[in-house]
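J.: structure for the following, please:
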Amino acid sequence: MSPRTPVRRVVSLVPSLTEAVAATEPELLAGATDWCTHPPGLAVERYGGTKNPDTARIAALAPDLVIANEEENRPSDLAALRAAGLEVLVTEVRTLGQAFSELERVLVRGCGLVRPGWLDAAEAAWADVRATGPARHAVVPVWRRPWMVLGRDTFAGDVLARLGVKHLYSAHPERYPRVPIQELTARGADLVVLPDEPYRFTADDGPEAFPGLPAALVSGRHLTWYGPSLAEAPAVVTDALSAAR
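T.: Numbering: from 1, shown residues only. Predicted coordinates:
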């Protein structure tokens with residue numbers, strides 16, 4: 001994108017990035033997906049889901065910039081937006097460090113905004129985080145029917161590792177492998193981490209599949225989102241893990 005082109009209307013196809021833009025310059029945000037739930041009460045046009053956005057409607061809006069993510073959005077949808085003449089900025093976030101650098105790229109270089117204070121606060125919140133005590137070994141389901149878990153190179157996996165939790169499929173060749181529940185329960189974990197998104201695990205839906213194993217019910221927004229929630233994430237996720245001891 002040419003730095004001479006002012007960005008006045010942005011469509012976000014990623015919940016984390018939607019919240020990041022809204023927290024920094026809310027008037028810039030012209031559209032988002034149905035899954036963009038933060039900030040609460042966000043009043044912008046909705047263009048479908050992250051996996052099935054209405055690319056024709058987005059093109060008709062003619063935003064100055066569309067922000068997306070290589071994991072959350074399909075290449076075919078991004079190609080359709082580019083074919084319509086739109087500028088599409090695609091992020092890759094697989095580590096905490098990437099989250100911080102990509103947020104700056106989106107907000108400062110992409111949208112032309114001043115680096116927000118909340119991003120400084122988020123980096124500061126993680127600066128002194130150190131895992132204490134012996135490492136815990138976990139399985140981390142992200143879906144049920146079929147069971148899917150965190151595999152290699154995931155942002156959530158990096159967050160957990162920094163908090164002293166090693167997930168047992170971190171070396172799997174797939175990033176989100178499907179694993180039968182019989183294998184998960186026999187893997188030798190001492191903890192199961194159950195986020196409330198993308199699958200909404202709850203106290204009544206998830207822990208019963210892992211009898212005898214402590215279950216940490218974790219806010220998915222604080223485990224998997226990269227945005228303003230990063231400032232709270234160390235404390236929120238640590239509290240959830242501690243409750244499962």
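
J.: what ranges does the chain have for its strands?
T.: The residue ranges that make up the strands of the chain, judged by DSSP state E, are 10-12, 29-32, 45-46, 65-69, 88-91, 136-139, 141-143, 148-149, 165-167, 191-195, 215-218.

J.: got TSV for those strands, with distance to Arg82, mean pLDDT and mean neighbour count too?
T.: Using the backbone N, CA and C atoms, a C-beta is placed for each residue, glycine as well. As requested, those are arranged in TSV below (distance: least, Cβ to Cβ, whole Å; pLDDT from 0 to 100; neighbours: other Cβ atoms under 10 Å):
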stretch	distance to Arg82	mean pLDDT	mean neighbour count
strand 10-12	13	98	28
strand 29-32	17	97	24
strand 45-46	20	95	14
strand 65-69	9	98	25
strand 88-91	5	98	20
strand 136-139	38	96	22
strand 141-143	29	97	19
strand 148-149	30	98	22
strand 165-167	35	95	20
strand 191-195	32	98	25
strand 215-218	36	98	22
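
J.: how close does Asp120 get to Glu27?
T.: Using Cβ to Cβ, to the nearest Å, Asp120 is found at 22 Å from Glu27.

J.: returning to that earlier point: JSON lines for the strands of the chain, including distance to Asp239?
T.: Listed next are the strands of the chain as JSON lines, based on distance: least, Cβ to Cβ, whole Å:
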{"stretch": "strand 10-12", "distance to Asp239": "29"}
{"stretch": "strand 29-32", "distance to Asp239": "29"}
{"stretch": "strand 45-46", "distance to Asp239": "32"}
{"stretch": "strand 65-69", "distance to Asp239": "27"}
{"stretch": "strand 88-91", "distance to Asp239": "28"}
{"stretch": "strand 136-139", "distance to Asp239": "15"}
{"stretch": "strand 141-143", "distance to Asp239": "20"}
{"stretch": "strand 148-149", "distance to Asp239": "22"}
{"stretch": "strand 165-167", "distance to Asp239": "13"}
{"stretch": "strand 191-195", "distance to Asp239": "13"}
{"stretch": "strand 215-218", "distance to Asp239": "9"}
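
J.: and the ones you listed: which comes nearest Gly112?
T.: Gly112 lies closest to strand 65-69 among these, at 9.3 Å (Cβ to Cβ).

J.: just checking, what packs against that closest one?
T.: For strand 65-69, the helices and strands in contact under the criterion 3 or more Cβ pairs under 8 Å, 6 or more residues apart in numbering; DSSP states H and E are strand 10-12, helix 15-24, helix 75-83, strand 88-91.

J.: that strand - which strands sit beside it in the sheet, and in what orientation?
T.: Here the strand partners of strand 65-69, with direction, are listed using DSSP bridges: strand 10-12 (parallel), strand 88-91 (parallel).

J.: what's the distance between Glu92 and Ala233?
T.: Counting by Cβ to Cβ, the separation of Glu92 from Ala233 is 19 Å.

J.: neighbour count: these two, which is higher?
T.: Ala233 (27 against 13; other Cβ atoms under 10 Å).
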